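Engineer: give me a 3D structure for the following:
(4 chains)
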Protein chains: 4
Amino acid sequence: MTTNILLMEGPDAKGLIYHVTKVLYNNNCNIINQDEYVSPNGQFFMRTVFESEVGFGVEIVIEDLRKRVPNEEIKFRVNPKKKKDIIIFCTKEHHCLSDLLTRYHFGELDANILAVVSNYDVLEPYVRKFDIPFHHVSHVGLSREDHELELLKLVERYSPEILVLAKYMRILTPYFVAKYSNKIVNIHHSFLPAFIGANPYKQAFDRGVKIIGATAHFVNNNLDEGPIIAQDVKKVNHRFTSKDMSREGKDVEKMVLTKALKLVFNDRVFINGNKTIIL
Amino acid sequence: MTTNILLMEGPDAKGLIYHVTKVLYNNNCNIINQDEYVSPNGQFFMRTVFESEVGFGVEIVIEDLRKRVPNEEIKFRVNPKKKKDIIIFCTKEHHCLSDLLTRYHFGELDANILAVVSNYDVLEPYVRKFDIPFHHVSHVGLSREDHELELLKLVERYSPEILVLAKYMRILTPYFVAKYSNKIVNIHHSFLPAFIGANPYKQAFDRGVKIIGATAHFVNNNLDEGPIIAQDVKKVNHRFTSKDMSREGKDVEKMVLTKALKLVFNDRVFINGNKTIIL
Amino acid sequence: MTTNILLMEGPDAKGLIYHVTKVLYNNNCNIINQDEYVSPNGQFFMRTVFESEVGFGVEIVIEDLRKRVPNEEIKFRVNPKKKKDIIIFCTKEHHCLSDLLTRYHFGELDANILAVVSNYDVLEPYVRKFDIPFHHVSHVGLSREDHELELLKLVERYSPEILVLAKYMRILTPYFVAKYSNKIVNIHHSFLPAFIGANPYKQAFDRGVKIIGATAHFVNNNLDEGPIIAQDVKKVNHRFTSKDMSREGKDVEKMVLTKALKLVFNDRVFINGNKTIIL
Amino acid sequence: MTTNILLMEGPDAKGLIYHVTKVLYNNNCNIINQDEYVSPNGQFFMRTVFESEVGFGVEIVIEDLRKRVPNEEIKFRVNPKKKKDIIIFCTKEHHCLSDLLTRYHFGELDANILAVVSNYDVLEPYVRKFDIPFHHVSHVGLSREDHELELLKLVERYSPEILVLAKYMRILTPYFVAKYSNKIVNIHHSFLPAFIGANPYKQAFDRGVKIIGATAHFVNNNLDEGPIIAQDVKKVNHRFTSKDMSREGKDVEKMVLTKALKLVFNDRVFINGNKTIIL
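Structural biologist: All right, here's what the predicted structure looks like:
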């Protein structure tokens, strides 16, 4: 049997679950898992994992479903259950990158890492150990736009499905973001929306908070304001300097990024305005 | 519109979700939420919340569904969404009882407290403040069996749907338990299966654990071994005496019991052998 | 033996711990627990719990210590270990108030509740059950200043050591705050500094966060910006409406307030600029 | 200035804190941090971090202290603040090992990894990437005693201060354990004392727990019963197979081991009977 994931979203309407279950039933497909949600603003989201016989063309499911749900505003697609192709961006800090590379090296990441890109070369020796292409694209002497053009040229060569900003410490322009709309995942080192912007651990220290956190989110054009995928926190106390917070926070950052990516790689994350629906 | 909860369980079979969605669709009912699970041992569990028009007889849903799913091993029933009738058992500690009574008093508990029963009278003045019947059924001078007969007589008068053991410190006999099979919820003051039996905080202190916990579970005939509904924990350190652990643990106990009861009162808890399925 | 708490703070200097231990040693006092901290800005804070014989005048400790530490910028005082006198302010929500009253009723609060004050009377019947004075001081028809004058008159009558704002939904003026500087503890229903101001759960819902929180802090003149004493969080997901967040958040609020007050009542909280040091 | 750590333990007596602070004061040493604890069984434990001038001989502190505290049952030693030499034992699973190696590679571990030892060679290629000696000491065809003799010969060559069992899946004999008494740290993949022994995730699955955990502890002669250093947990639900629990639990295991080792490497862990005191 082959495992497939049917993703459906659009304005809510009566019988949507029924239509999907009927089409799958008629096509002899077996539902493994189904989860759905209707948002307060009337949007319907559903993720259905189903098995079909090897060789079965899932486009029949799409066709049958479209006949029963003709409203084109309601979108659906069927993904085969497979690893996503990704590129990782980083700067100088290793903790998120090394966590992803280690999992990848041991076959535990639901993704293929096509390449690692950085505006510095400090992490190159580490990445090379794992036989993954490393591209050093320095921003020195380049305008933000020219630097991004180089990055884009490089990225396009690989056709990744997801870009992961694993502590990539530069802001992407709207031009770049638009090219990979809802496909860029960033890890921010604070419990957003607290401490937006630079040096969040310094901000947390100055404010005297008792808990620090990290946030994985899709990138949109407003810095640190894209849809949040996952968050987690860690208790701190007055003995923590901002350096201590930064060091301890790294473990939270890498765990939150890994958690968010697992959801994204498994097609569990829908976007509803500026929020995520996780099914 | 009226809100109903359809509960279905039994051996897994093809099309079960489809049949339910079709029957509800045909009867003009609107699915609000649906969650299902198939266990590794092949049991299917589904909870479907649906709205029907006022005056609609949900027995039609049952009939139609039985026609499509004739296997009698697959059971289904429709509960109206309403508060459960409960009786609370306690001994001398107030923390779980007072948490439930306070929520009840302010209309925040999904249950009607019919009565409070205790083998001591120390909590009577507190319970009386809330105009809830308090029954002191002392065990002094009675055999376990005779004491339970008194309790049973009292409980039967109220016809409760759920019995809550809110730190009731006596063990119930199999006879009693069988009378309210899968209807008795207990809170145990340890992270089961660690520290089964008496004085779990003393045991935790002696073992030098760094985390203590509490467990809410259905009661069956083996002490502290019924299906677990909810658990939570709290960090401790070497400075905690067993008395400190007991005091701090009380907050965990009351929160875990409240959480478990909320799930039970909302028909979200299925029992599969010695485990719970929470939908 | 009598238990005392020696609190010391001021500019750091060599030998401060030594001087304290020497004075206590010479006076035949036994140190039960000692904790100290030097902040990055060079302030020294120390809390020493010690036993002395019944009848021993602790002022001798103060005198001896002052001789060895003549710098008047370094302040110290000895508090007997005893319950603090408090007044609770509330509005309409009961959850923080009822948690405190229940603990107080059962002798588990390290404080004497002298009175409950509210700008509404909805919680009066509940408070009356516990034989605690309830004062309804309506703000209707009064200027903020006049309302506060009434409150102040009332509060002064009781000479409380701590004022607890247990979901008191009005902002206090700088005049009022100055009267009880570092003696007013508030619970804010967000993970500060996220969602300062009104309707934090609505703000959290709109932002689509995956974690909500609560913050207990001293009140100063900038709304929600006083020194943070305690914080905690709870995971939420896209299925939570802002009403769900509010309901679930209440349990976090009451736990955080209780935790913060326990620290304050036990003289464990020092203030260093806009931060707390908790020893 | 040089940073030193004074560790002191023994039967409690009056003035111990005073004697230490006086000796350090007289020797012109500056206390950075001091934490002490007296256990219910009357044992005193104290960890004092102090700065001395470069070239200052800390043995003078020891001598002066012994003069003031002549009871030989009270032991003290001064460690310079430096990285500990360690050997890591593993079997086939990489997650704890790779976490430690990655931190070591980037200079974030408070230890020098002298070598990695395994009874299998599957992790050798990974370890080799980091230029750390890897020793494959197969147990195949050897008695437990003969296998251990080979291990011991190898370990002794390196003179490690701490042995880390990073998912080493073989039981050590009392003979081996006695050689490295209180110097072997193990990570067990359950929330001890729940699920002692083999296959704890299978046991957790069978019991239907809602939380899984991991425990780092010193190894003594009773399997999984040595003094606990650190524990942490993760919520699970009925959808987790034992394989899912195992996979998700690995992140908890590696974090708990890392946390425990950080405490051990920084001389923060005292042993009191079968418990740890962490200062």
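Engineer: spell out which parts of the stretch 101-250 of chain A neighbour chain B.
Structural biologist: Proximity of the stretch 101-250 of chain A to chain B (C-beta under 8 Å from any C-beta of the partner chain) involves no residue at all. Using the backbone N, CA and C atoms, a C-beta is placed for each residue, glycine as well.
Engineer: tell me the residues of the stretch 101-250 of chain A that contact chain C?
Structural biologist: Proximity of the stretch 101-250 of chain A to chain C is confined to A:191-195, A:207-211, A:213, A:227-233, A:237-239, A:241 under the rule C-beta under 8 Å from any C-beta.
Engineer: selection in PyMOL covering whichever of the residues you listed are buried, please.
Structural biologist: Restricted to buried positions by 16 or more other C-beta atoms under 10 Å in any protein chain shown, the PyMOL selection for these reads:
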select buried, chain A and resi 191+192+193+194+195+207+208+209+210+211+213+227+228+229+230+231+232+233+238
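Engineer: restricted to strands, list the residues of the stretch 101-250 of chain A next to chain C.
Structural biologist: Within those, residues falling in strands by DSSP state E are A:211, A:213, A:228, A:229, A:230, A:231, A:232, A:233.
Engineer: which residues does the first one bridge with?
Structural biologist: Following DSSP bridges, residue A:211 is listed with bridge partners residue A:235.
Engineer: hey, where'd the helices end up in the stretch 1-150 of chain A?
Structural biologist: A:16-26, A:59-68, A:95-105, A:124-128, A:144-158 (DSSP state H, counting those that start in this stretch).
Engineer: wait, which of those helices is closest to residue D:272?
Structural biologist: helix A:95-105 (34.7 Å; C-beta to C-beta).
Engineer: give me the spatial nearest neighbour of the closest residue to chain D within chain A, chain neighbours excluded.
Structural biologist: Residue of chain A nearest chain D, by C-beta to the nearest C-beta: residue A:129 (4.4 Å). Nearest non-adjacent residue to residue A:129, counting by C-beta to C-beta, 6 or more residues apart in numbering or on different chains: residue D:129, 4.4 Å away.
Engineer: how close does the one you found get to chain C?
Structural biologist: From residue D:129 across to chain C, the span is 35 Å (C-beta to the nearest C-beta, to the nearest Å).
Engineer: and for that residue, the neighbour number?
Structural biologist: By the measure other C-beta atoms under 10 Å in any protein chain shown, the count of residues near residue D:129 is 14.
Engineer: show me what from chain A comes close to chain D.
Structural biologist: So far as C-beta under 8 Å from any C-beta goes, chain A lies against chain D at A:94, A:98-99, A:102, A:105-106, A:108, A:126, A:129-130, A:247, A:251, A:255, A:258.
Engineer: go again using 7 Å as the cut-off
Structural biologist: A:94, A:98, A:102, A:106, A:129, A:251, A:255 (C-beta under 7 Å from any C-beta of the partner chain).
Engineer: output those in TSV, with pLDDT appended to each entry.
Structural biologist: Formatted as TSV, those follow (pLDDT from 0 to 100):
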residue	pLDDT
A:94	98
A:98	98
A:102	98
A:106	98
A:129	97
A:251	97
A:255	98
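Engineer: got a ChimeraX select line for the buried ones in those?
Structural biologist: To isolate the buried members of these in ChimeraX, using 16+ other C-beta under 10 Å:
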select /A:94,98,102,251,255
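Engineer: farthest-separated two in the residues of chain A next to chain D?
Structural biologist: Spatial extent of the residues of chain A next to chain D (C-beta to C-beta) is set by the pair A:129 and A:255 at 22.6 Å.
Engineer: packing partners of the lengthiest helix in chain A?
Structural biologist: What stands out as the longest helix in chain A, according to DSSP state H, is helix A:242-265. Judged by 3 or more C-beta pairs under 7 Å, 6 or more residues apart in numbering or on different chains; DSSP states H and E, helix A:242-265 is in contact with helix A:95-105, strand A:184-188, helix A:200-207, strand A:211-218, strand A:228-235.
Engineer: what angle do that helix and helix A:200-207 make?
Structural biologist: Helix A:242-265 and helix A:200-207 meet at an angle of 130 degrees, taking axes from the mean of the first three to the mean of the last three C-alpha atoms, to 10 degrees as the criterion.
Engineer: and helix A:242-265, what's buried?
Structural biologist: Across helix A:242-265, burial judged by 16+ other C-beta under 10 Å covers A:242, A:245-246, A:249-261, A:263-265.
Engineer: give me the contacts around it.
Structural biologist: Contact with helix A:242-265 is made by A:84, A:95-96, A:99, A:110-111, A:162, A:164, A:166, A:185, A:187, A:189, A:201-202, A:204-205, A:212-216, A:229-234, A:236, A:269, A:278, D:251, D:255, as judged by C-beta atoms under 7 Å, 6 or more residues apart in numbering or on different chains.
Engineer: go on, stretch A:64-77?
Structural biologist: A:6-11, A:13, A:16, A:19-20, A:23, A:26-27, A:62.
Engineer: average pLDDT across it?
Structural biologist: The pLDDT scores in stretch A:64-77 average 96.
Engineer: between its first and last residues, how far does it reach?
Structural biologist: Across stretch A:64-77, the terminal residues are separated by 12 Å (C-alpha to C-alpha, to the nearest Å).
Engineer: chain center to it: distance?
Structural biologist: In terms of C-alpha atoms, centre = their mean, to the nearest Å, the gap separating the centre of stretch A:64-77 from the centre of its chain is 26 Å.
Engineer: how about the CA coordinates for stretch A:33-52, as PDB?
Structural biologist: The C-alpha coordinates for stretch A:33-52 follow below in PDB (Å, rounded to 0.1, in the frame of the first residue of the first chain):
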ATOM      1  CA  ASN A  33      -5.900   9.400  10.100                       C
ATOM      2  CA  GLN A  34      -8.100  12.500   9.600                       C
ATOM      3  CA  ASP A  35      -8.100  15.800  11.400                       C
ATOM      4  CA  GLU A  36     -10.100  18.900  10.600                       C
ATOM      5  CA  TYR A  37     -10.700  22.300  11.900                       C
ATOM      6  CA  VAL A  38     -13.100  25.200  11.100                       C
ATOM      7  CA  SER A  39     -11.700  28.600  12.100                       C
ATOM      8  CA  PRO A  40     -13.800  31.300  13.700                       C
ATOM      9  CA  ASN A  41     -13.500  33.200  10.400                       C
ATOM     10  CA  GLY A  42     -15.200  30.300   8.600                       C
ATOM     11  CA  GLN A  43     -12.300  28.600   6.900                       C
ATOM     12  CA  PHE A  44     -12.200  24.800   6.800                       C
ATOM     13  CA  PHE A  45      -8.900  22.900   7.000                       C
ATOM     14  CA  MET A  46      -8.500  19.100   6.700                       C
ATOM     15  CA  ARG A  47      -5.600  16.700   6.600                       C
ATOM     16  CA  THR A  48      -6.400  13.100   5.700                       C
ATOM     17  CA  VAL A  49      -3.800  10.400   5.600                       C
ATOM     18  CA  PHE A  50      -5.000   7.500   3.500                       C
ATOM     19  CA  GLU A  51      -3.600   4.300   2.000                       C
ATOM     20  CA  SER A  52      -4.100   3.300  -1.600                       C
END
